[in-house]
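Novice: Sequence first, predicted coordinates after that:
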Amino acid sequence: MLTVDNINLHYGAAQALRGVSIMAPMGKITCVLGRNGVGKTSLLRAVTGQAATSAGTITFNDATLNGLAPYNRAKHGIGFVPQGREIFPLLTVKENLETGYAPVPRKDRYIPDDIFSLFPILRTMLGRRGGDLSGGQQQQLAIGRALVTRPKILVLDEPTEGIQPSIIKDIGRAIQYLRDSTGMAILLVEQYLDFCRELADHVYIMDRGEIVHEGPAETLDTPEARRHLTV
Ligand SMILES: Nc1ncnc2c1ncn2[C@@H]1O[C@H](COP(=O)(O)OP(=O)(O)OP(=O)(O)O)[C@@H](O)[C@H]1O
């Protein structure tokens with residue numbers, strides 16, 4: 001399980017996270033919601049090691065992650081699908097997937113077949129450049145690339161952003177499959193309420209750098225939760 005305990009995060013003098021605590025258990029989908037700019041991406045940057053925290057602890061299973069570089073967190077099983085996907089446009093689909101090899105032992109440096117079962121389009125486009133794919137295909141590629149690192153927890157930042165509805169459904173099914181078949185933990189940041197309501201086992205809502213609500217997905221429909229989500 002991933003445990004984030006009471007973390008603070010600053011950008012210069014501005015504080016983006018204030019005493020944030022969340023848990024993301026194995027075999028569960030944990031969703032963090034909130035309006036623009038409330039700190040959701042900062043929370044994921046803290047978990048993946050792209051931004052330093054100024055207080056608190058982050059642990060995954062028995063390992064303390066604080067102070068570890070992103071590369072070493074990947075070795076501990078943290079797989080990241082960043083906002084905006086960050087596909088290498090000039091590399092082929094296959095080469096993009098192979099960039100996931102870095103943190104895995106030599107014997108595991110192959111592309112697991114599961115990735116092509118989840119996203120068959122990737123197999124047919126292996127030789128195409130990443131930049132030629134549609135937004136939805138790039139999102140599938142970004143998830144595939146994270147899966148190449150053999151994660152124990154998959155961390156996704158707004159995977160539905162700018163994606164057409166049919167591919168959103170495919171991505172939702174893939175996330176459920178990964179939870180149910182591999183028992184990995186999923187930590188998902190989203191603004192798309194219906195996607196979270198359908199998928200999440202547990203939800204957190206952030207507002208101005210703090211966790212202001214937590215509960216099962218059904219609690220998203222309470223007036224108290226809605227108040228933190230409406231603009
Ligand atoms: N590199 C940075 N330098 C300074 N301030 C930043 C930086 N990144 C984010 N912030 C500020 O920190 C706060 C939280 O931003 P963050 O991106 O974590 O929010 P978010 O909830 O993910 O928003 P969005 O949904 O728009 O991605 C915002 O006020 C933002 O302006």
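Specialist: Noted; the coordinates are in hand. Computed from a predicted model, the values in this text were never measured in an experiment. Residues are numbered from 1 along each chain as shown.
Novice: Got phi/psi on residue 31?
Specialist: Dihedral angles of residue 31 (phi, psi; degrees, to the nearest 10) stand at phi -120, psi 130.
Novice: same for the helix or strand of the chain with the lowest mean pLDDT, what does it pack against?
Specialist: For the chain, using mean pLDDT, DSSP states H and E, the weakest element among its helices and strands is helix 223-229, scoring a mean of 88. Where contact means 3 or more CB pairs under 8 Å, 6 or more residues apart in numbering; DSSP states H and E, helix 223-229 is packed against strand 202-207, strand 210-216. Where C-beta positions appear, they are placed from N, C-alpha and C, glycine not excepted.
Novice: Show me the helices in the chain, by range?
Specialist: Counting by DSSP state H, one finds helices in the chain at the ranges 40-48, 70-75, 93-98, 113-118, 120-124, 135-148, 165-177, 193-199, 223-229.
Novice: quick one: buried residues of the last one?
Specialist: For helix 223-229, a neighbour-count test (16 or more other CB atoms under 10 Å) marks 225, 228 as buried.
Novice: Local confidence estimate at the residue most central in space within the chain?
Specialist: The chain has residue 156 as the residue nearest its centroid, 1.6 Å off, counting by CA atoms, centre = their mean. pLDDT for residue 156: 96.
Novice: Flag every residue of the protein that's near the ligand.
Specialist: Residues of the chain lying close to the ligand (CB under 6 Å from any ligand atom) are 11, 14, 16, 34, 36, 37, 38, 39, 40, 41, 42.
Novice: switch the cut-off to 8 Å
Specialist: Residues of the chain lying close to the ligand (CB under 8 Å from any ligand atom) are 11-12, 14, 16-17, 34-45, 51, 83, 157-158, 189, 191, 206, 209.
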